[in-house]
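Participant: Provided below for reference: sequence and predicted model.
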4 protein chains.
Amino acid sequence: MTLHTGRHFLQIPGPTNIPDRVLRAMDMPTMDHRGAEFAELGFAVLSGMQRLFRTGQPVIIYPSSGTGAWEAAIVNTLSPGDKVLMAETGQFAVLWRGIAEKFKLDIDFLPGDWRHGADIGQIEAHLAADKTHRIKAVMVVHNETSTACVTPPLEVRKAMDRVRHPALLMVDTISGLGSLEYEHDAWGIDVSVAGSQKGLMLPPGLGFNAVSEKALAVAKANPGMRSYWDWQDVIAINKAGTWPYTPAINLLMGLKEAIKMLEEEGLDNVFARHKRHSAATRAAMKVWGLETQCQDPQAHSPALTGAVMPEGHDSDHFRKVVLENFDMSLGTGLNKIKGKVFRIGHIGHFNDLMLMGMLSGIEMGLDLAHVPHRSGGVLAAMDVLKGRDVVPMPKVAVA
Amino acid sequence: MTLHTGRHFLQIPGPTNIPDRVLRAMDMPTMDHRGAEFAELGFAVLSGMQRLFRTGQPVIIYPSSGTGAWEAAIVNTLSPGDKVLMAETGQFAVLWRGIAEKFKLDIDFLPGDWRHGADIGQIEAHLAADKTHRIKAVMVVHNETSTACVTPPLEVRKAMDRVRHPALLMVDTISGLGSLEYEHDAWGIDVSVAGSQKGLMLPPGLGFNAVSEKALAVAKANPGMRSYWDWQDVIAINKAGTWPYTPAINLLMGLKEAIKMLEEEGLDNVFARHKRHSAATRAAMKVWGLETQCQDPQAHSPALTGAVMPEGHDSDHFRKVVLENFDMSLGTGLNKIKGKVFRIGHIGHFNDLMLMGMLSGIEMGLDLAHVPHRSGGVLAAMDVLKGRDVVPMPKVAVA
Amino acid sequence: MTLHTGRHFLQIPGPTNIPDRVLRAMDMPTMDHRGAEFAELGFAVLSGMQRLFRTGQPVIIYPSSGTGAWEAAIVNTLSPGDKVLMAETGQFAVLWRGIAEKFKLDIDFLPGDWRHGADIGQIEAHLAADKTHRIKAVMVVHNETSTACVTPPLEVRKAMDRVRHPALLMVDTISGLGSLEYEHDAWGIDVSVAGSQKGLMLPPGLGFNAVSEKALAVAKANPGMRSYWDWQDVIAINKAGTWPYTPAINLLMGLKEAIKMLEEEGLDNVFARHKRHSAATRAAMKVWGLETQCQDPQAHSPALTGAVMPEGHDSDHFRKVVLENFDMSLGTGLNKIKGKVFRIGHIGHFNDLMLMGMLSGIEMGLDLAHVPHRSGGVLAAMDVLKGRDVVPMPKVAVA
Amino acid sequence: MTLHTGRHFLQIPGPTNIPDRVLRAMDMPTMDHRGAEFAELGFAVLSGMQRLFRTGQPVIIYPSSGTGAWEAAIVNTLSPGDKVLMAETGQFAVLWRGIAEKFKLDIDFLPGDWRHGADIGQIEAHLAADKTHRIKAVMVVHNETSTACVTPPLEVRKAMDRVRHPALLMVDTISGLGSLEYEHDAWGIDVSVAGSQKGLMLPPGLGFNAVSEKALAVAKANPGMRSYWDWQDVIAINKAGTWPYTPAINLLMGLKEAIKMLEEEGLDNVFARHKRHSAATRAAMKVWGLETQCQDPQAHSPALTGAVMPEGHDSDHFRKVVLENFDMSLGTGLNKIKGKVFRIGHIGHFNDLMLMGMLSGIEMGLDLAHVPHRSGGVLAAMDVLKGRDVVPMPKVAVA
């Protein structure tokens, strides 16, 4: 067993730090998922998730990883041979494409350099060229967790509307929901995909789909094979506050508390807090001389930051030095940027001093791992946190 | 919120009572599922589950309900149009058939009366008649949770062997594993299906498949569409102690502790304890004059008991009286026996006095709900528990 | 480590079963006991305890056992050589006398047979005879936990008033508060003594004094040596929501939740529930043929019951048999009734089915330990619980 | 309720951060404190505490604050009028003197400036002058929590031995035990006083006395009044693994786990870790230009640091700014240094990155509160932590 002399710093971009209140809410006797006491919980989390997704439409909650919620989006609405348009924003786009391939979709995959969000112009042009509307769905990743670049779903929707393309708009906001602004209804999203272990501050084990009326109609007409992921069954039985199969009861107990915490803070404050920590992190990196993986200043993720290692230095070696010396987990570079990038999560249950602990660990780790850098990144981060440049930290209420 | 002045008696046949040790083990900071500390946990639960299934073969653990593990068994090994043989042991057989239908299998469904286990002779005859081996899989429910009748998987295997039928043998032991003897390897099971919220004493949220070499070979050759449920990917990455997508980390922490508890008690003692509680329950029912739903004395489930209501009395009304007066949840009758049967769970983290509290609640409830019965069932149950008829309760170790 | 295959039945008359909500409330990061967040907690428990004691006077909360709160009552108000009047209701009266002796008080100890509450007439006569008012305090045990006999403090007060005796009235309600009616102000109590681990449903570790204006005045004038237990200091600093020394913060967190639970249920319902369980327990004992230790039918404790063993049978052997076979702890006979009596706690977080589990364990234990008895006590208890004879169980709220 | 968007930084010098493992160990059903399962726990914590105090003598564990353990030391060994020698090291020496006064001891209080440990030469001279050995006890504070100066108990012992003075040596190591080297037997301590909420990483609620054979003999001969604090009774009943009155059971469960954690890390590593964090803190303060309250470089406490505010700046205003902006609690200046000093706890369950988060909060707070300082203290602290100057951080074990 690993020895921890204090709290481990879990600074991967998910799973994220779980608040004690949420852990304790899950640490309660489980219950009859067909009884009245459970139904109260069921209704509470279903309506709470609608508020988080900002939707009046159904939200389907699965006992699954976020990956499962991706698969659900596909099998409910699409059939083998259906053409879809995806944008290569990074590894999670690649993984989603992998699932689409397994379900034999015909994928137009717009190439990307993993250092920007999706190219909205390219998407628009591609859709405009699809005169016969063979493309059934446009699938984008909102907060690309492998690169820390954001693609604004509303811009995708506007592009689709400009060319009057009837495809469904599907958005993976697994690491976005609860950390970045998100508007399922107002932005015209058809299928939103999310998971529990990021901004929702829960352990992994819940996947989510929010679905527009249009997506539901498409699903109803879709003869494709599906059972576990089938929206209709779940939505029907949700009306009684329960699920067609045994739901992940204790995770739902935690979800209720997590929603309560996000709403106590206020979603706008939550989003501002993430931006603030993102800005402070980038300020530190600038001093250190580390490039951000994301190269579009408008697209920096509030939830995490990708740091590019100087040539000749391995990011996984650096991560190992940090873990061994400072009991902190950082995210690895994924796929083609493995060894080249490490990822810094500043998402979920987090505050200024946790951030400073984390940044100090990085600055010390750079030194111990002999990675060339300028010291003093932490001072630049403190300058940001002292509130000169960004939204101020909401003050803790003190009587 | 419901008021509980003491502990709720959760006596449905799952989710079951969760030990404090297991809840507390899950109530810990989550961790990096790609790190060394997690890998220790991953290896521990993978090998632990092999010990519980009594197999040297891979066990796949899904973030899912047990239903998901059913679906996994199907999509890995079967393709649309494949013929399978199922036995109508009760509602869970019916539900599994429903999934099979959604995946367009061609189902031979041997009818049953919901009061016996599967008819082994009928299975054997049906397989014998399948000279061309069109049947690809035989699918049975080990412990039918809707009727409390057990079908012995080993007898099914023997029948298959007698007629030299090459079909895969798939067994749903969702409510069996951890409560009844189960031998994945020795009994020649190809795919075992289980869930976390029954004998494993965990919250719902984990599904399991144990898979024979033969099943793996069939899966490898199966071109059918699947992603989330795909065994190959999971098994490959399990070699590093982790999973292809984010696993339900905190549930796995609980699983590790639950396995530890089952092994501290000893699986044989666990099984004997369940039998003992089952016998005591039936002794009480005999006095009350309530028929067991299961009519085969050899097939009574150690994990739960189905009680048939006297004509003219509604089991759900009775359950409501019990819940409102005694804060105890009993299981409803499912599907065609709705209103006619209630189900008594004596599965998982349980002991003699919890059983007696439960039986007392039933006896008092029968009276309050004006259900005709003889009193004194609890005395008969105590006679059994005092150890005259069955395996004695292993004594608590006292220094 | 002891193996528990289900929940241990903790049926001693304290410490009692702790609700999960209370345990979870204590299982939170501790805090700065000089900060504003703590002050909120401090004020909440101080006013909550006033509501439970039914007093507008200060309640002093100590990090201590109930024994410490006894000592506090003495050292604040009395000096060596002061005469006090005590009644030998049982072992806890004897223990309190022991403390009084250590502080060199001059004790009139009215003898008792350990099978009744204090003799009010005898107290009155004794006080009447004390023409010069040498007696400074009358000290009685409200709910004598060694015998399960109740002494009504109001009757003591009336007797004192009838003879116009100015002594202080001190009442040990350690196992009474939160289980039996108690009225610090209305009953004219000067010093009430309580502890956390009984009706308050907390772990041991907190002691309480509720103090009348008169007691405070006496204390102020008392030159005796004291520091830790000194009321003045605590009361002064309580005005700021904190304590003169570091309080038992996490136990106070639990206390806040426990008060909340008692008030959700309603104190009157709490008291009725205890009476109901006491009546059911005695009904079972009558059938078994076991005498109650308490012989005054008006004085039976709602919180616990003392059972007298038949001649020639050792109660501690019986308790051992019950513990080893049924994982249940019963209370031992104390001091002069050691081996002759066992005590049954039905106090705190408790309900009908927990009671029935407990009574079943006793009935089975009597058999296994070869103690002569009639069987069927549990049936008699169920007759009571079905509500024919006593206050009905408040129904669980079901939506 | 206060809103916490991440973990509160509890950086007062006690109560300290409690490890999850310890909180979870306390969050378990309580038990019969007269049963065998409890006795196992009782023996475990009694022997564990002997190992932490480094003594073969009895350790008495009270349900009390540390203050209670002070009082226990006095009332067991001393009588009104007894002369004792104390050294004014700071507020905790003053408070202890206050208790001694309440118990009417005759106190020689060697004055101090609150910026050094006790003056050993002065103690020696004073004892040498006491030819008739009227002084019955020398009482010193090991780690003076108000000033962060350490007084080495071994040096006091040597001074006493040099002048052959037979007084008892009593040491308050409330904030020392578990953080600084301590040797009850080897250093010739007669009575050690400790509490749970500092280096032992527990909530407040337990007080400790470790007692030499000589102290026990003195106590046995001491006719003074005492009950709750009486060593004899406790030691006698501890032989059965239990206590004369109900112990604080769940805190003892936590204590067992805390001892386990300290021993897993190794006490030497624990002490080195505290020194390391103390050195890093002082390095930061040097850059900021803040004086340490302790002016003896040999006497700096490993457990906490006192920081002197620049003239004209109020430390409590500064603390308020830090709390409101960064959700961190720092310790106030006590008594005569109120408003002039703030105290930084780096004690207990703690690591490098928690320390850096804390120091960052101080550096930012100095700026926000307009306290004159040089920035970059955090860089100096990182230089220390990177291991150039002190004992290296034991690496986390990684498989």
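Facilitator: Thanks, I have it.

Participant: how close does A:Met328 get to chain D?
Facilitator: 6 Å (C-beta to the nearest C-beta, to the nearest Å). (C-beta placed from N, C-alpha, C; glycine too.)

Participant: check A:Ile12 too.
Facilitator: Distance of A:Ile12 to chain D, computed by C-beta to the nearest C-beta: 15 Å.

Participant: repeat for A:His370
Facilitator: A:His370 is 12 Å from chain D, by C-beta to the nearest C-beta.

Participant: can you give me the buried ones in the strand or helix carrying A:Phe38?
Facilitator: A:Phe38 is part of helix A:36-53 when elements are defined by DSSP states H and E. Within helix A:36-53, the residues scored as buried using 16 or more other C-beta atoms under 10 Å in any protein chain shown are A:36-39, A:41-46, A:48-50, A:52-53.

Participant: likewise for stretch A:264-275?
Facilitator: Quick answer for stretch A:264-275 (16+ other C-beta under 10 Å): A:265, A:269-275.

Participant: from the chain's centroid, how far away is it?
Facilitator: 15 Å (C-alpha atoms, centre = their mean, to the nearest Å).

Participant: neighbours of the residue in the stretch 201-350 of chain A positioned nearest to chain D, just the number please.
Facilitator: Nearest to chain D, among the residues of the stretch 201-350 of chain A, is A:Phe350, at 4.5 Å (C-beta to the nearest C-beta). For A:Phe350, the neighbour count with other C-beta atoms under 10 Å in any protein chain shown is 23.

Participant: which residue packs closest to it, ignoring adjacent ones?
Facilitator: Distances taken as C-beta to C-beta, 6 or more residues apart in numbering or on different chains put D:Gly6 closest to A:Phe350, at 4.5 Å, once the chain neighbours are dropped.

Participant: quick check, the one you found in contact with D:Asp327.
Facilitator: Yes. With contacts counted by C-beta atoms under 8 Å, D:Gly6 reaches D:Asp327, the gap being 7.4 Å.

Participant: overlap in contacts, these two.
Facilitator: A:351, A:353 (C-beta atoms under 8 Å, 6 or more residues apart in numbering or on different chains).

Participant: and those two? Which one has more around it.
Facilitator: More crowded of D:Gly6 and D:Asp327, by other C-beta under 10 Å: D:Asp327, with 25 against 19.

Participant: what residues does the stretch 101-250 of chain A have near chain B?
Facilitator: Neighbours of chain B within the stretch 101-250 of chain A, by C-beta under 8 Å from any C-beta of the partner chain: A:102-104, A:195, A:197, A:203-205, A:225-228, A:230, A:244-250.

Participant: tell me the spacing between the most centrally placed residue in chain A and B:Glu213.
Facilitator: Residue closest to the average C-alpha location in chain A (C-alpha atoms, centre = their mean): A:Ser175, at 0.9 Å. Applying C-beta to C-beta, to the nearest Å, the value for A:Ser175 to B:Glu213 is 38 Å.

Participant: same question, A:Pro204
Facilitator: With distances taken as C-beta to C-beta, A:Pro204 is found 30 Å from B:Glu213.

Participant: between these two, which is the more surrounded one?
Facilitator: The neighbour count for A:Pro204 versus B:Glu213, taken as other C-beta under 10 Å, is higher for A:Pro204 (28 against 11).

Participant: from the buried residues of helix A:36-53, which are also near chain C?
Facilitator: Near chain C, by the rule C-beta under 8 Å from any C-beta, you find A:36-37, A:39 out of those.

Participant: pLDDT added to these, as JSON lines?
Facilitator: Output for those, formatted as JSON lines (pLDDT from 0 to 100):
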{"residue": "A:Ala36", "pLDDT": "96"}
{"residue": "A:Glu37", "pLDDT": "96"}
{"residue": "A:Ala39", "pLDDT": "98"}
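
Participant: quick one: which of those residues is nearest chain D?
Facilitator: Within these, distances to chain D taken as C-beta to the nearest C-beta reach their minimum at A:Glu37, with 22.1 Å.

Participant: now the residue lying closest to the closest one once chain neighbours are set aside, what's its secondary structure?
Facilitator: Among residues not flanking A:Glu37 along the chain, B:Thr2 sits closest, at 4.6 Å (C-beta to C-beta, 6+ apart). When classified by DSSP: H, G, I helix; E, B strand; the rest coil, B:Thr2 comes out as coil.

Participant: what pLDDT does B:Thr2 get?
Facilitator: Per-residue pLDDT puts B:Thr2 at 81.

Participant: hmm, it is touching A:Phe38, no?
Facilitator: No. The pair formed by B:Thr2 and A:Phe38 falls short of the contact definition of C-beta under 8 Å, at 10.0 Å.

Participant: mind listing the strands for the stretch 201-350 of chain A?
Facilitator: A:206-211, A:304-308, A:328-332, A:341-345 (DSSP state E, counting those that start in this stretch).

Participant: dump those into a markdown table; add mean neighbour count, mean pLDDT and distance to A:Ala129 as well.
Facilitator: Below are these laid out as a markdown table (neighbours: other C-beta atoms under 10 Å in any protein chain shown; pLDDT from 0 to 100; distance: least, C-beta to C-beta, whole Å):
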| stretch | mean neighbour count | mean pLDDT | distance to A:Ala129 |
| --- | --- | --- | --- |
| strand A:206-211 | 28 | 98 | 28 |
| strand A:304-308 | 27 | 98 | 32 |
| strand A:328-332 | 24 | 98 | 37 |
| strand A:341-345 | 26 | 98 | 34 |
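
Participant: relative to chain C, which residue of the stretch 151-300 of chain A is the closest?
Facilitator: Nearest residue of the stretch 151-300 of chain A to chain C: A:Gly241, at 9.2 Å (C-beta to the nearest C-beta).
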